[in-house]
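1. no sequence for this one, just the structure:
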């Protein structure tokens, strides 16, 4: 069977109750029940691995790399593919380095929902029944969304910028 992803352990015997998470680029952002925000920066130690494909980290300003995939090489009747899949368990999994940043700017109430908007450099957070907007780089409060008191869920929608076709630029709306 094909495994598109494999799990890596970031936390063991963690003292806080995890409530929600989101990710962007190579960052995993975790909200806890105690109102603590944890930001994990996960970076592969090496991009070269004999079995697993580890994509290079592309930041929003950098170019995206496309990889050509030949479907003929993935045919289930091919003996070489079956041999490769059986050898995967004997190959060590890639390793990652992890840095953790913590912040308490979200108060002491549970962080119920998080959404990262890297194109806009914003982090949307729902905590204490209220929608807050933070800067993504330093997690400083930008604004409290008016009339959001009592909210239990939010959604985010992107629309193409006017006058541009198939553009990467988006406009965020709450």
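-> Structure received. These numbers were taken from a predicted model, which means no experiment stands behind them.
2. C-alpha from now on. contacts and neighbour counts both.
-> Noted.
3. burial count for residue 126?
-> If you count neighbours by other CA atoms under 10 Å, residue 126 ends up with 23.
4. where does pLDDT dip in the protein?
-> Within the chain, the stretches falling below the threshold (pLDDT under 70) are 3, 10-11, 49-91, 94, 161, 163-174.
5. any idea how many residues pack against residue 114?
-> Once other CA under 10 Å is used to define contacts, residue 114 is seen to have 24 neighbours.
6. how about it: which residues does it bridge to?
-> According to DSSP bridges, residue 125 are recorded as the beta-bridge partners of residue 114.
7. that one touches residue 124, doesn't it?
-> Yes - contact status for residue 114 versus residue 124: in contact at 5.7 Å, counting by CA atoms under 8 Å.
8. on the three-state scheme, residue 134 is what?
-> The three-state label for residue 134, taken from DSSP: H, G, I helix; E, B strand; the rest coil, comes out as strand.
9. let the chain start at 40 from now.
-> Sounds good: first residue 40 from here, last item residue 173.
10. what is the neighbour count of it?
-> Residues contacting residue 173 under the criterion other CA under 10 Å number 20.
11. ok, it - contacts?
-> Residue 173 is in contact with 161, 162, 163, 164, 179, 180, 181, 182, counting by CA atoms under 8 Å, 6 or more residues apart in numbering.
12. ok, and the closest non-adjacent residue to it?
-> Excluding the flanking residues, the one nearest residue 173 by CA to CA, 6 or more residues apart in numbering is residue 180, at 4.4 Å.
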